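Visitor: Sequence unavailable; structure follows:
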């Protein structure tokens, strides 16, 4: 009786775990970078400072108050996006219902991304632990380099999406289906340049995190004396 003597492919747990890094590292860095950027004051302060929008509006409020109201809400330090100011000599809420809905959706999206980023970090940490323990340098470094390429591709796509206005509006409408009224304060606070600024700064943060991780990875996986192969 004829018997198939060809070698059967065996499941290689080392290659499988290393392949996880191709997905987990880009997701981890992208999601954490977005949260760091969008929940901190810097991007909003930079955007308003560069546009000078507050000085040109007839409202009795400061840049710091506007930025604080946004970041406190996104950081879950306040339950509602709100900022009351004297507008025409009468105290009025500066944010419309559309603003509050849009920012609530933004916070939910950031929360989801944060959970994904944390899970990706745990997956990456687990894979790092085993690959370092097993001393598989070649597999480790190849998958890390591929993960870096995937991340840079994601960042390039994100920059293109946020800089091409029709594409940005389409994507925005998909995730946050809100139509703002004319003269909306939130839209005026965050000028037309804001999406581009977000794209650039998010990419910068991601590249910095990638370089830090690359240095750490090379420190443990790039030294031949620590690995069998």
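Guide: In hand now; what should we look at? Computed from a predicted model, the values in this text were never measured in an experiment. Numbering: from 1, shown residues only.

Visitor: Now do the contacts for the residue nearest to the spatial centre of the chain.
Guide: The centroid of the chain falls nearest to residue 34 when counting by Cα atoms, centre = their mean (2.2 Å). Neighbouring residues of residue 34 by Cβ atoms under 8 Å, 6 or more residues apart in numbering: 110, 113, 202. For the C-beta atoms, the positions are set from N, CA and C on the backbone; glycine is no exception.

Visitor: again, only this time at 10 Å
Guide: 109-110, 113-114, 117, 158, 198, 202, 205-206 (Cβ atoms under 10 Å, 6 or more residues apart in numbering).

Visitor: any idea which helix or strand of this protein has the worst average confidence?
Guide: When the helices and strands of the chain are scored by mean pLDDT, DSSP states H and E, strand 84-86 comes last with a mean of 77.

Visitor: for the following helix or strand past that strand, packing partners?
Guide: Following strand 84-86 in sequence order, the next helix or strand is strand 91-93 (DSSP states H and E). Applying 3 or more Cβ pairs under 10 Å, 6 or more residues apart in numbering; DSSP states H and E, one finds that strand 91-93 contacts strand 84-86.

Visitor: Could I get the full set of helices for this structure?
Guide: Applying DSSP state H to the chain gives helices spanning 13-39, 42-51, 63-74, 97-134, 137-163, 165-175, 185-189, 194-221.

Visitor: Adding distance to residue 91 and mean pLDDT, write the ones you listed out as a markdown table.
Guide: Shown next, in a markdown table, are the helices of the chain (distance: least, Cβ to Cβ, whole Å; pLDDT from 0 to 100):
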| stretch | distance to residue 91 | mean pLDDT |
| --- | --- | --- |
| helix 13-39 | 28 | 94 |
| helix 42-51 | 22 | 90 |
| helix 63-74 | 13 | 93 |
| helix 97-134 | 17 | 94 |
| helix 137-163 | 35 | 92 |
| helix 165-175 | 31 | 83 |
| helix 185-189 | 14 | 89 |
| helix 194-221 | 27 | 92 |
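
Visitor: Please dump the ones you listed into CSV; it should also carry distance to residue 85 for every row.
Guide: As requested, those are arranged in CSV below (distance: least, Cβ to Cβ, whole Å):
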stretch, distance to residue 85
helix 13-39, 23
helix 42-51, 15
helix 63-74, 8
helix 97-134, 14
helix 137-163, 29
helix 165-175, 26
helix 185-189, 10
helix 194-221, 21
